[in-house]
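Colleague: Below: sequence and its predicted model.
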Amino acid sequence: MENQEIEKEFEEVIVNIGRVTKVVKGGRRFRFTALVVIGDKKGTVGYGFGKAKEVPDAIKKAVDDAHKNLVKVNIKGTTIAHDIEHKFNASRIVLRPASEGTGVIAGGAARPVLELAGVQDVLCKSIGSNNPNNLVRCAIQALTRIKA
């Protein structure tokens, strides 16, 4: 009962669903991966990765994993406190505070991370690899580095 209440306060967004193949002697075995971002739009955000034989099972595993990877983010009003640039593997992300009413200007997998963290006005540029897994992790790490 208590666990269901916790899940209701978080919104979830499926960022990526992929099909992976294992080639065996008898043919190909397909499995599905899911990348999910969850957040409460009040400064808490997390991501999870799940893999299973069916898509719904992979999504459920990813959501469970996301609940284990929640982090707090410092938000100043509706935006972030200062500019930040962060690199994760081949993905690089640049976040800049924006004036009120600008909205979330971000592309790819960084947008759901910023929206679910509760940032309403921000400019974001992703440079380099646009791999969804790397972009999500890069965006979350960048947000955690912001000083209040």
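Modeller: Structure's in. What do you need? Nothing here was measured: the structure is a model prediction, and the numbers come from that model.

Colleague: Am I right that residue 137 is in a helix?
Modeller: Yes. Judged by DSSP: H, G, I helix; E, B strand; the rest coil, residue 137 forms part of a helix.

Colleague: ok, it touching residue 46?
Modeller: No. Residue 137 is not in contact with residue 46 according to CB atoms under 8 Å; the separation is 11.0 Å. The way it works is simple: take the backbone N, C-alpha and C, and place the C-beta from them, glycine included.

Colleague: any residues in contact with both of the two?
Modeller: Counting by CB atoms under 8 Å, 6 or more residues apart in numbering, no residue touches both residue 137 and residue 46.

Colleague: Just checking, which helix or strand succeeds the helix or strand bottoming out on mean pLDDT in the chain along the chain?
Modeller: When the helices and strands of the chain are scored by mean pLDDT, DSSP states H and E, helix 2-8 comes last with a mean of 60. Proceeding N to C from helix 2-8, the next assigned helix or strand is strand 11-24, under DSSP states H and E.
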